[in-house]
Each structure stands twice: as structure tokens, then as C-alpha cells.
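Trainee: okay, predicted coordinates and the sequence, questions at the end:
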Amino acid sequence: MQPLQFTMNINYHHYLNFINEKLKNFFESQEPYIFCHKGCSLCCKNSQFPYSQIEIQYLKEGIAKLEDKLRSEIQLKIKKIIEKKKNYKGKNFRYDCPFLINNECTIYEHRGILCRAFGLMTHHENGKVKVPFCCYKGLNYSNVMNLQKKTISVRKFKKLATDKEPLGFNISYVSLTHEDFEEEFNLKFGEKKPLIDWFID
């Protein structure tokens, strides 16, 4: 009989394969509105990066595969962020992801769930959609969004002459780590907290 931890890891891989395939199709359907590219790292900066326990375990597998020099550089960044957080007096401490080096993710294959979904328009249960914040920086969905009204511009959409409509998807972090997925893939996401908090002793 396989140990529980081994089984959880295998099941998490199955879950990631499922999610990755779904997200791949979503991104392809939104191709006219997506401007993500290598070196663009806005989504990796000035945030809190929620991570569940199973995600952090998988991320640490990626860390273990890094070269010693790169791992040491990341550990130093983590230490500096933790020190800043200790001295931070306000709420909602934000920081740049410590795994971002030269505007590239060093643990890309082991990145978190939210990182995989970021860039798409999110559909919420209240019927509203939310564009990624990079839209306001001239990136994803900016070519079809009316920024003043915060709605999709019919005029801009028609001007693009594409049959791919701008759509929102049920891909919030809460949705992607819902208990339904735990039941379907026989896993537990476990405790959830900001990325940096997992490295505080």
C-alpha cells in the first residue's frame, strides 16, 4: 500500500493535468485579448500569492531541483521579505514573488494554482466579470475593455473582427480549490495562507 503523502502527490498531479488542460483551452479561446509573454511579470509583483498546503509541498519539490546558487539567491530574497513583513505596520502586506529572478519564474512548472489561471477574465457567482489588473496597464483585455465604464466595449469588439468573444471563466482561487475538486481527485488542499507565510518559522 502506498503512503498517504505519495498518493496525495499523484492525485495532485492528476488535478493539475486536468486544470492545465482546461486553462489551456480557455486561454486559446481568448487569444485575441491575451498579451502575456515571456518577461512580463506584473502578476508576480506587489501581491500576497495565496498558497494551499498541497501547493507549497509541490512548490518545494521544485525548489529542491534548483541549482545551489539559484536556491541560495531565492532563500536570501525570502529572508528579506520576511524581515520587511515583521517591520510592516499596516494590513495586507504585499511583496514581489521571491521566485521571480530577472522577470522569469524559476519554479514555473511547480508554480501555484492562481499563477496558472491569472490573465483570464474571471466570472463570479453574482454574474459579474472581473478583468485581470494588467488590463489597466494596457495588457490583457485592454483592446476590448471600456476602462471608464469597466465593461466590454461592443465597438472595440466589432473592430477586432474576431469570432472569439471575450468571456469570463469560473477560475477564482476559491473556485479552483473548492472541495468538489478535493472529492473528485481524492486530495486535500489543506490550510491556505500567503506564500511568504509558509516560510516563516
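Mentor: Looks like it came in fine.
Trainee: thinking residue 141 is in contact with residue 135, fair?
Mentor: Yes. With contact defined as C-beta atoms under 8 Å, residue 141 reaches residue 135; the gap is 4.6 Å. For glycine as for every other residue, the C-beta is placed from the backbone atoms N, C-alpha and C.
Trainee: neighbour count winner among these two?
Mentor: Legend: neighbour count by other C-beta atoms under 10 Å for residue 141 and residue 135, higher for residue 141 (25 against 21).
Trainee: secondary structure element for that one?
Mentor: For residue 141, there is no host helix or strand (DSSP states H and E).
Trainee: distance of it from residue 32?
Mentor: Distance of residue 141 to residue 32, computed by C-beta to C-beta, to the nearest Å: 10 Å.
Trainee: can you count the residues close to the closest residue in space to residue 92 that isn't next to it in sequence?
Mentor: Setting aside the residues directly before and after it, residue 92 is nearest to residue 48 in space (C-beta to C-beta, 6 or more residues apart in numbering), at 6.9 Å. Residue 48 has 14 neighbours, counted by other C-beta under 10 Å.
Trainee: now do residue 92
Mentor: Using other C-beta under 10 Å, residue 92 has 8 other residues around it.
Trainee: for it, give its distance to residue 86.
Mentor: Look at residue 92 and residue 86: by C-beta to C-beta, they are 15 Å apart.
Trainee: same deal with residue 139?
Mentor: Separation of residue 139 from residue 86 (C-beta to C-beta): 33 Å.
Trainee: neighbour count winner among the two?
Mentor: The residue with more neighbours, out of residue 139 and residue 86, is residue 139; 21 against 9, by other C-beta under 10 Å.
Trainee: name the SS class of that one, please.
Mentor: coil (DSSP: H, G, I helix; E, B strand; the rest coil).
Trainee: can you pull the contacts of residue 195?
Mentor: 48-51, 56, 97-98, 112 (C-beta atoms under 8 Å, 6 or more residues apart in numbering).
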